[in-house]
Structures are given as C-alpha cells and as structure tokens.
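Engineer: Could you work out the structure for the sequence below:
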Amino acid sequence: MSVPTLIEATGLCMDYTLGPRRVSVLRQVDMRVAAGTRVAIAGPSGSGKTSLLLLLSGLERPTAGRLCVDGVDLASLDADGLADLRRDRIGIVFQSFHLLPSLSALDNAALPLQMAGRPQAREAAAEMLQAVGLAERMHHRPSELSGGEQQRVAIARALVHRPRLLLADEPTGNLDDQTAESVRELLFRLNRELGTTLVLVTHDMDFAARCDRVLRLHDGQLHEEAAHAVSA
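Structural biologist: Numbers count the residues shown, from 1 in each chain. Here you go, the predicted structure:
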C-alpha cells in the first residue's frame, strides 16, 4: 500500500530585496515528503534551509511555485487560514526555545490548545510533558529548567495538538552533546509513536544521517543524497 504524500512542492522560489539588489534564496525547489517519514535538510549557513522551513510552515510565502501541505494548497489560504493550518496540523520547534518566562512548563505546553479554545488543554499538555520525560518538572518556570528541559517543553508544545507535520530548525543547536543526543532520541521516538512527519534543519550530519532521507541545499537548489535507512 502506497504511503500518502504530506508535502509536495514544485518550482519553489524565494527572493529577498536588499536595498537595490534582488537576492535569490531558493531557486526552483522541488520536494515530496511521504507521511510519517523523517527528512533532514542540510547545507551551509545561508543556503536557504530556514527559508525553506518558513515556506513549509506558511510563515513566509514563495515568490513563485506551488506548495501543498497535507493536501492543502498554501496559496489558497489567507493569513488566518495559514494560522489555522499551523494550529491544527503543524508543529514548529526552533533553535531558541521561545518559552514564555512567566508561565510554567505546563502552561507553556498547553498554550496552543488554550489559544484554540480546546477543552482539557492542561490535561493534554501534562500528558505530553510526561511523554517527553518532564512529569516531575511541569510546574517549573523556564528559568528553573536546564536548556535540554526547556527544549523538551518546546517539543511538547509543538506536539500537544498531535500535528501531522513537525518542523524543527536546528533543535539541538544550543545544547551540549549529551543533552543534544537525548533530544534527538526523543524526536525520533515521538516520530515513531505519534506517526508525525518530521522535517528538520540541521548542520549535524550524524543527526541527518539517522533520518530516512537527507536533502542538501546548495546555491538555492535542493539535491537528494544517497538513501538512508538508519534506525533510531
């Protein structure tokens, strides 16, 4: 039985205006990502990795090309529609944790559900915090948590609504080696258990090699590297 396609991009281009100059960041990017898979996007700094992730999330719009996520053509959505898509189907993990300092881990993780008016938001957040190993720390504020614990809260927040797609931008970039490895294992375990499609941007080629596929951005264009089948 064929696996459904979750992401389908054709001819994506993204340009920025810098003073009098027009800078091309992405040029004719094509990609297809099957549901439930793990895909790494690698490449040097400035190659457009984060820009591609922003397009996939609907936080930026392409200059040209077509992008469908979970069967929805993003060009057909206005700003409110894109926000609804992120709320319902997409989770995002950033390199910086972006937690609200005045809220506990539990309330940070519950925030997406509360903003969507979902019932039992704190109960769902508590369950997800337990899944990421923070059952004993959920009432602590970010300043009382280590960097690894803060990233786990950010992951719980990104997954609390059980999204179809999780986008992660250098999720271990600010962590020490031991903590980074625990976060990698966590992302892969939740990918298996929840069936969420994982697309991550990383400079860490060992991390990338443990994904099902590695896509490398170079000079604004996307190239697939040799197939990977490393279990994690």
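
Engineer: Please give the element, helix or strand, for the residue nearest the centre of the chain.
Structural biologist: Against the mean C-alpha coordinate of the chain, by CA atoms, centre = their mean, the closest residue is residue 167 at 1.2 Å. For residue 167, the element it lies in under DSSP states H and E is strand 165-169.

Engineer: which element is the spatially closest residue to residue 51 that is not a sequence neighbour on?
Structural biologist: Nearest residue to residue 51, sequence neighbours excluded (CB to CB, 6 or more residues apart in numbering): residue 25, at 4.9 Å. Quick note: C-beta positions are derived from backbone N, CA and C, even for glycine. Taking DSSP H and E as the definition, one finds residue 25 inside strand 21-34.

Engineer: Restricting to C-alpha, output the helix or strand that that strand is followed by in PDB.
Structural biologist: Once the chain leaves strand 21-34, the next helix or strand it forms, by DSSP H and E, is strand 38-42. Below are the C-alpha coordinates for strand 38-42, written out as PDB (Å, rounded to 0.1, in the frame of the first residue of the first chain):
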ATOM      1  CA  ARG A  38      11.900  11.700   8.800                       C
ATOM      2  CA  VAL A  39      13.600  14.100   6.400                       C
ATOM      3  CA  ALA A  40      16.700  16.200   7.100                       C
ATOM      4  CA  ILE A  41      17.500  19.400   5.200                       C
ATOM      5  CA  ALA A  42      21.300  20.100   5.400                       C
END
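
Engineer: What is the distance between whatever helix or strand comes next after strand 38-42 and the centre of its chain?
Structural biologist: Counting by DSSP H and E, the element after strand 38-42 in chain order, helix or strand, is helix 49-57. Remark: helix 49-57 is offset 9 Å from the chain centroid, using CA atoms, centre = their mean, to the nearest Å.

Engineer: Find out how far whichever helix in the chain runs longest is from the centre of the chain, if you would.
Structural biologist: In the chain, with assignment by DSSP state H, the single longest helix is helix 177-194. Helix 177-194 sits 13 Å away from the centroid of its parent chain (CA atoms, centre = their mean).

Engineer: With stretch 53-73 instead?
Structural biologist: 14 Å.

Engineer: Tell me how many other residues surround residue 79.
Structural biologist: Residue 79 has 9 neighbouring residues, counting by other CB atoms under 10 Å.

Engineer: Could you check how many residues crowd around the closest residue to residue 50 other than its chain neighbours?
Structural biologist: Setting aside the residues directly before and after it, residue 50 is nearest to residue 169 in space (CB to CB, 6+ apart), at 5.8 Å. By other CB under 10 Å, 20 other residues sit near residue 169.
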